[in-house]
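J.: next one to model:
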Amino acid sequence: MRIAILALDGLFDTGLTVALDAFAIASRFAARDMGGTPRFDVSIVGVRKKVRSGLGLAIPVQAVTPDLKPDWVIVPALTTSTPDLLVPALARADVRQARAQLLAWHDDGVRLAASCIGSFILAETGLLDHQEATTTWWLAPLFRQRYPDVSLDESRMLVPSDVGVTAGAAMGHLDLALWLIRRASPDLAAVVSRYLLADIRSSQAPYIIPNHLAQADPLVLRFEQWSRKNLKAGFSLQDAAKALATSARTLQRRCEAVLGKSPLAYFQDLRVERARSLLHGSGLDLDAIAAEVGYVDGATLRTLLRQRLGRGVRDLRADLR
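T.: Below is the predicted model:
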């Protein structure tokens, strides 16, 4: 498998190195234990001759030439991890050059992959329009604002599409590399996973901090604050809208636009966050925790936790040991 990693100034150092390490380990084990195949031919390419990482390290890049014919191109994240830094970065000349090169590769049948903020660069091409995608969870509101035609699900770690695949935040670069290795050989991916003490994760949901998402919009932030005060009382869209001096329709619309979910779904997120905190530090039994977040008994809460986090109460409590 021929893989080109597209390096831009200010890229996330860990994202680049963890991908390089995963492919290097895969190639080494393939050569030693699997008769030399599959092998991963990885190159770092750039639209400029000199590229520096987010930590200022020089990255050796080769030029994009007509004879470079990768099967996959990976777009790593930039270190511009806040909207005020990311939006200007997306307008940089080298990012515009990268966008044009991604379109040219796509026209040649190359599959495109991106992780974390790299998904923004891929979305800038328009190739993700009317496709499913994921990105770094804390920038999901900005992603929805800039790319309304992309079906974003930031709760997922990996989202394949007709274009290629997008992956989640930060260490999602490793999940992406393992996903590509698995496409070539599931057995090899299993070996690499064991050596790196890492498996492909299906979800970012356990890592999402609801308050960070709410801060992208004043009305949603006020709804988040109201919700935290009313977890025990339970959810009422009409009560929430009245308390916030808005209409139920406006509140519904703003939550969908910013969070990609209904007010009730976000209220449930806050319930999960609070219940998880109480499981870790309160000493309360499950029924008592359920009452704290507005449920009559622990059975309903148990189901919600498993649905949202993919883990049961016993597993969550075990995190303390």
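J.: ranges for the helices of the stretch 1-150 of the chain?
T.: Assigned by DSSP state H, counting those that start in this stretch, the helices in the stretch 1-150 of the chain fall at 13-33, 83-90, 93-107, 118-124, 140-146.
J.: in which helix or strand does Gln225 reside?
T.: Per DSSP states H and E, Gln225 falls inside helix 218-229.
J.: which strands and helices sit next to the helix or strand of the chain with the lowest mean pLDDT?
T.: Here the helix or strand of the chain ranked lowest by mean pLDDT, DSSP states H and E is helix 313-318, holding a mean of 81. Applying 3 or more CB pairs under 8 Å, 6 or more residues apart in numbering; DSSP states H and E, one finds that helix 313-318 makes contact with helix 263-281, helix 298-309. Heads up, the C-betas are built off the backbone N, CA and C, glycines and all.
J.: what comes up buried for the last one?
T.: Put plainly, it is helix 298-309. Going by neighbour count (16 or more other CB atoms under 10 Å), the buried part of helix 298-309 is 298, 301-302, 304-305, 308-309.
J.: remind me what it packs against, helices and strands.
T.: Here helix 298-309 touches helix 263-281, helix 286-292, helix 313-318, going by 3+ CB pairs under 8 Å, 6+ apart.
J.: can you list contacts of that helix?
T.: Helix 298-309 is contacted by residues 203, 205-206, 268-269, 271-272, 275-276, 285-287, 289-290, 293, 295, 311-313, 316 when judged by CB atoms under 8 Å, 6 or more residues apart in numbering.
J.: what of the longest one?
T.: For helix 263-281, the surrounding residues in contact (CB under 8 Å, 6+ apart) are 208-210, 214, 220, 223-224, 227-228, 231, 235, 237, 240, 251-252, 255, 259, 261, 284, 289-290, 292-295, 301, 304-305, 308-309, 313, 316-317, 319-320.
J.: got a ChimeraX select line for the buried ones in the residues you listed?
T.: Entered in ChimeraX, the line below selects the buried ones among the contacts of helix 263-281, by 16+ other CB under 10 Å:
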select :208,210,214,220,223,224,227,231,235,237,240,251,255,259,261,289,290,292,293,294,295,301,304,305,308,309,313,316
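J.: give me the below-cutoff pLDDT ranges for the stretch 1-150 of the chain.
T.: 34-36 (pLDDT under 70).
J.: how does it look with 80?
T.: Confidence mapping of the stretch 1-150 of the chain against pLDDT under 80 gives the ranges 32-38.
J.: circling back: which of the buried residues of helix 298-309 sits closest to Ala22?
T.: Leu309 (25.8 Å; CB to CB).
J.: could you measure from that closest one over to Val293?
T.: Distance, Leu309 to Val293, by CB to CB, to the nearest Å: 14 Å.
J.: number of nearby residues for Ile74?
T.: Neighbour count of Ile74, defined by other CB atoms under 10 Å: 29.
J.: from the contact counts, what lies against the next helix or strand after the helix holding Gln225?
T.: Using DSSP H and E, the helix or strand that follows helix 218-229 in sequence is helix 237-243. Helices and strands touching helix 237-243, by 3+ CB pairs under 8 Å, 6+ apart, are helix 218-229, helix 248-259, helix 263-281.
J.: can you redo the ones you listed as JSON lines with distance to Ala4 and mean pLDDT?
T.: Formatted as JSON lines, these follow (distance: least, CB to CB, whole Å; pLDDT from 0 to 100):
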{"stretch": "helix 218-229", "distance to Ala4": "39", "mean pLDDT": "97"}
{"stretch": "helix 248-259", "distance to Ala4": "35", "mean pLDDT": "96"}
{"stretch": "helix 263-281", "distance to Ala4": "38", "mean pLDDT": "93"}
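J.: ok so, going back, adding distance to Gln145, write the buried residues of helix 298-309 out as JSON lines.
T.: Putting these into JSON lines (distance: CB to CB, whole Å) gives the following:
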{"residue": "Gly298", "distance to Gln145": "39"}
{"residue": "Leu301", "distance to Gln145": "33"}
{"residue": "Arg302", "distance to Gln145": "36"}
{"residue": "Leu304", "distance to Gln145": "29"}
{"residue": "Leu305", "distance to Gln145": "31"}
{"residue": "Arg308", "distance to Gln145": "25"}
{"residue": "Leu309", "distance to Gln145": "27"}
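J.: which one of these is nearest Asp175?
T.: Leu309 (17.2 Å).
J.: let me know the pLDDT of the closest one.
T.: Leu309 is assigned a pLDDT of 87 by the prediction.
J.: quick one on the thing from earlier: I'd like to check what contacts the helix holding Gln225. Which residues are they?
T.: For helix 218-229, using CB under 8 Å, 6+ apart, the contacting residues are 210-211, 213-215, 235, 240, 243-244, 246, 250-251, 254-255, 258-259, 263, 266-267, 270, 274.
J.: could you do stretch 208-217 as well?
T.: 83, 137-138, 140-142, 154-155, 220-221, 223-224, 254, 257-259, 266, 269-270, 273.
J.: right, I'll leave it there.
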